[in-house]
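1. 3D model of this:
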Amino acid sequence: KLARAMVTEYGMSEKLGPRTFGHREEMVFLGREISEQRDYSDKVAQEIDEEVYDITQGAYETAKRVLKKLWAKFLANRGSTEPITVFNNNLFMIRVSFATYHELISMNTRGLLNWRTKIPKSYLSGKYYPIIFDNKVFYLTGSIATKEFQLAALDVETGKTLYLFDSGTSVTTYPIFFENKIYVGCTDGLYVFEYPDFD
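-> Model (predicted):
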């Protein structure tokens, strides 16, 4: 909607120039549009659509470049990390540069830290990334000695641990959430357990 307004109302298209397209009748005192009359051809309409696409695609590519730049900066300043998960303009990742523990980190797209929390050192590092579901951050961690895994849930805003499930076996797949149950593939079969009541 904004990209279309940039082209048709604000004259911000390099290709079509600084002009407006379409005549709008408005009730000024209510701040509301009544109708819009098209005063341009089908060919121009197609050019408008192409310009709107170019603007939105360009914004998307710019956002990707910014995220890659922030990611490179984060790696340079904070040590090695695992693949990231993106949710609501925040990045979630596990940092594995400590000898005795790892960290689950949340940061915004400006590179500022939201929160971080210690998690056990795990044999799963490098294989599994945080999963966002139901406004919770789920992550898998596994004992290096016994290979038993844990599934934990953290508050997406604060990083506070809300739930911790212990198993007696080694995990082989990501958790899957379906119909109030959590499914986790393990070496001795499929673990199925009820989705926690966080209230």
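
2. what mean pLDDT does the longest helix along the chain get?
-> Secondary structure assigned by DSSP state H gives helix 42-78 as the longest helix of the chain. Helix 42-78 comes out with an average pLDDT of 78.

3. and the gap between Lys181 and Thr161?
-> According to CB to CB, to the nearest Å, Lys181 and Thr161 sit 21 Å apart. The way it works is simple: take the backbone N, C-alpha and C, and place the C-beta from them, glycine included.

4. okay, the two: which has more neighbours?
-> Thr161 (14 against 11; other CB atoms under 10 Å).

5. just checking, Leu162 is part of a strand?
-> Yes - assigned with DSSP: H, G, I helix; E, B strand; the rest coil, Leu162 falls within a strand.

6. which residue, other than its chain neighbours, is closest to it?
-> Ala153 (4.9 Å; CB to CB, 6 or more residues apart in numbering).

7. you'd agree that neighbour is in a helix?
-> No - counting by three-state DSSP, Ala153 falls outside a helix, being strand.

8. please name the bridge partners of it.
-> Phe138, Tyr163 (DSSP bridges).

9. got the contact list for it?
-> 136-138, 161-164, 196, 198 (CB atoms under 8 Å, 6 or more residues apart in numbering).

10. just the buried members of those?
-> Those of the contacts of Ala153 that meet the buried threshold are 136-138, 196, by 16 or more other CB atoms under 10 Å.

11. can you pick out the most distant pair from these?
-> Using CB to CB, the buried ones among the contacts of Ala153 span at most 13.5 Å, a distance reached by Val137 and Pro196.

12. burial count for the closest residue to Val44 other than its chain neighbours?
-> Excluding its sequence neighbours, the residue lying closest to Val44 (CB to CB, 6+ apart) is Phe21, at 7.0 Å. Using other CB under 10 Å, Phe21 is surrounded by 19 other residues.
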